[in-house]
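> heads up, no residue letters with this:
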């Protein structure tokens, strides 16, 4: 085994416990913890590459010192130093079918152009093997996916996964307690705990398009008075429930319970008037909340009583 291989194996051995510690299911992580996970993993790999590079340089220096010492000993003994060809070099030469420079004359073709002559070099064996393998793979792929239909195509796999996800969502919703909340009777929740739950749902599922501050990105701004599909609590609930498929927003009815959609709708309404920096421009129509009926004044009450 040569020095480069030894350095690579040594480095991988040293960093394997660290990589194993980070090899966990990222699906259970929050957005922030996922970011930390990727940063730490990338930093670990960067350190590993630096260690590998330093190891290669150090081992190359050691090899140089050993070769110089061997040359010195051979010169003192008056013998010619013949460096033994490594197993890797032999294999590389065989894979590429290299011909020695002494045989170059046998490879020269007869034709020439302006004194430029061409060598009749063949393709490397590894390239031809790879080409043959792709042909064999293509035959099996064509037969399995398009002739005998023994394996599903990508579209079929996608639809099967969609059906499986919908079945799981339906089963999960079936086990939840029934709720009579819908877009007609949904109400704004003022409980801090419920709003915190709505915030968590928003940050995990909605912030990618609307930003965590509601300022809008791919999706519209949620902090101003302009709304594409209505700005009261019922309109927001309905938009979350049925989605806007033509604009890339899915229906959350099968993924969130009515209570969860009520919580996140209420949390969205808390964005109004916050005007975060870098917010997206207005979209849709100006929404003016309906004025609540005024309480009768004391004079009006007196008049009603007299009537």
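The structure has been received and is ready for your questions. Every value quoted in this text rests on a predicted model; they were computed, and no experiment measured them.
> so where do the helices sit in the stretch 151-300 of the chain?
In the stretch 151-300 of the chain, the helices defined using DSSP state H, counting those that start in this stretch lie at 154-174, 192-205, 207-210, 233-242, 258-269, 298-306.
> What helices and strands are in contact with the third one?
Going back to what we said before, that points to helix 207-210. Contacting helix 207-210 under the criterion 3 or more C-beta pairs under 8 Å, 6 or more residues apart in numbering; DSSP states H and E is no other helix or strand. Placement of C-beta: from N, CA and C, glycine included.
> how about the helices of the stretch 151-300 of the chain in JSON lines, adding distance to residue 74, mean pLDDT and mean neighbour count?
Converted to JSON lines, those look like this (distance: least, C-beta to C-beta, whole Å; pLDDT from 0 to 100; neighbours: other C-beta atoms under 10 Å):
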{"stretch": "helix 154-174", "distance to residue 74": "63", "mean pLDDT": "87", "mean neighbour count": "11"}
{"stretch": "helix 192-205", "distance to residue 74": "70", "mean pLDDT": "95", "mean neighbour count": "16"}
{"stretch": "helix 207-210", "distance to residue 74": "67", "mean pLDDT": "94", "mean neighbour count": "16"}
{"stretch": "helix 233-242", "distance to residue 74": "81", "mean pLDDT": "95", "mean neighbour count": "20"}
{"stretch": "helix 258-269", "distance to residue 74": "79", "mean pLDDT": "94", "mean neighbour count": "23"}
{"stretch": "helix 298-306", "distance to residue 74": "118", "mean pLDDT": "46", "mean neighbour count": "9"}
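> Dump those helices into JSON lines; add distance to residue 113 as well.
Formatted as JSON lines, the helices of the stretch 151-300 of the chain follow (distance: least, C-beta to C-beta, whole Å):
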{"stretch": "helix 154-174", "distance to residue 113": "49"}
{"stretch": "helix 192-205", "distance to residue 113": "66"}
{"stretch": "helix 207-210", "distance to residue 113": "60"}
{"stretch": "helix 233-242", "distance to residue 113": "71"}
{"stretch": "helix 258-269", "distance to residue 113": "73"}
{"stretch": "helix 298-306", "distance to residue 113": "107"}
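> Compare those helices and give me the one nearest residue 109.
Smallest distance to residue 109 across the helices of the stretch 151-300 of the chain (C-beta to C-beta): 46.8 Å, for helix 154-174.
> Contacts for that closest one, please.
Helix 154-174 is contacted by residues 152, 254-255, 257 when judged by C-beta atoms under 8 Å, 6 or more residues apart in numbering.
> Same question for stretch 196-212.
Residues lying outside stretch 196-212 but in contact with it, judged by C-beta under 8 Å, 6+ apart, are 30-31, 189, 216-222, 248-249, 252, 256, 260, 263-268, 276.
> Quick one: end-to-end distance for it.
With C-alpha to C-alpha, to the nearest Å as the measure, stretch 196-212 spans 13 Å from end to end.
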